[in-house]
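[1] missing the sequence, but the structure's below:
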């Protein structure tokens, strides 16, 4: 099977699922589609395509990297203004009411999902994802093994992913 055919089949069979994955990471629908297309473009340029064992996992990693790159770029890149195109009013970089409402709703839903976790899992998850502690630090502070830390993080991520997927299907 040629790489082009394999890539086309992969795209046809998984595009919507990967868009849903990008949306679960906080992307708006049209941005999510663009990111997935960018991911397939990067995959197409990847020289070791035949060595990839799990194309979907690889594409998800690419998608997460693209989202992170865009976030970093938007956070640190100054807004360029073409002074010839300015109207009387300057446009605000603040999100519009719809985007703001959507962000608040997503945050509230995520916090509700986190609060559903067992107390120990919630503690370990917030220590890792919010306080940015390492597995080693969490392990030592809680007097547990690193494998237990990993298990709690896995359980939290599975729980949060299932909740988000359930919401997206409704």
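    Structure received. Fair warning: this is a prediction, and the values are worked out from it, not measured in the lab. Residues are numbered from 1 along each chain as shown.
[2] what mean pLDDT does the strand or helix carrying residue 150 have?
    Per DSSP states H and E, residue 150 falls inside helix 146-169. Mean per-residue pLDDT for helix 146-169: 89.
[3] gap between it and the chain center?
    From the chain centre to the centre of helix 146-169 is a distance of 13 Å (C-alpha atoms, centre = their mean, to the nearest Å).
[4] Tell me which other helices or strands that helix touches.
    helix 3-24, helix 97-115, helix 119-129, helix 135-142 (3 or more C-beta pairs under 8 Å, 6 or more residues apart in numbering; DSSP states H and E). Where you see a C-beta, it was placed from the backbone N, CA and C, and this is true even at glycine.
[5] Correct me if wrong: residue 121 contacts residue 154.
    No: contact criterion C-beta atoms under 8 Å: residue 121 and residue 154 do not qualify, at 9.6 Å.
[6] So between these two, which is more surrounded?
    residue 121 (18 against 11; other C-beta atoms under 10 Å).
[7] Not counting residues beside it along the chain, what's closest to that one?
    Sequence neighbours aside, residue 152 is the residue nearest to residue 121 in space, at 4.6 Å (criterion: C-beta to C-beta, 6 or more residues apart in numbering).
[8] And the contacts of stretch 119-128?
    114-115, 117, 133, 135, 137-138, 141-142, 149, 152-153, 155-156, 159 (C-beta atoms under 8 Å, 6 or more residues apart in numbering).
[9] Any of these buried? List them.
    Among those, those scoring as buried are 114, 117, 133, 135, 138, 149, 152-153, 155-156, 159 (criterion: 16 or more other C-beta atoms under 10 Å).
[10] Can you give me the domain assignment for this structure?
    As given by automatic domain parsing, the domain ranges for the chain are 3-76, 97-169.
[11] Worst mean pLDDT among these?
    domain 3-76 (a mean of 83).
[12] Residue 36 contacts residue 62, correct?
    No: between residue 36 and residue 62 there is no contact under C-beta under 8 Å: 9.3 Å.
[13] Tell me the secondary structure at residue 32.
    helix (DSSP: H, G, I helix; E, B strand; the rest coil).
[14] Quick one: neighbours of it, just the number.
    21.
[15] And for residue 63?
    A count of nearby residues for residue 63, using other C-beta under 10 Å, gives 23.
[16] Let me see the contact set for it.
    Listed by C-beta under 8 Å, 6+ apart, the contact partners of residue 63 are 18, 21-22, 25, 35-36, 39.
[17] Let's see that with 7 Å instead.
    18, 21-22, 35-36, 39 (C-beta atoms under 7 Å, 6 or more residues apart in numbering).
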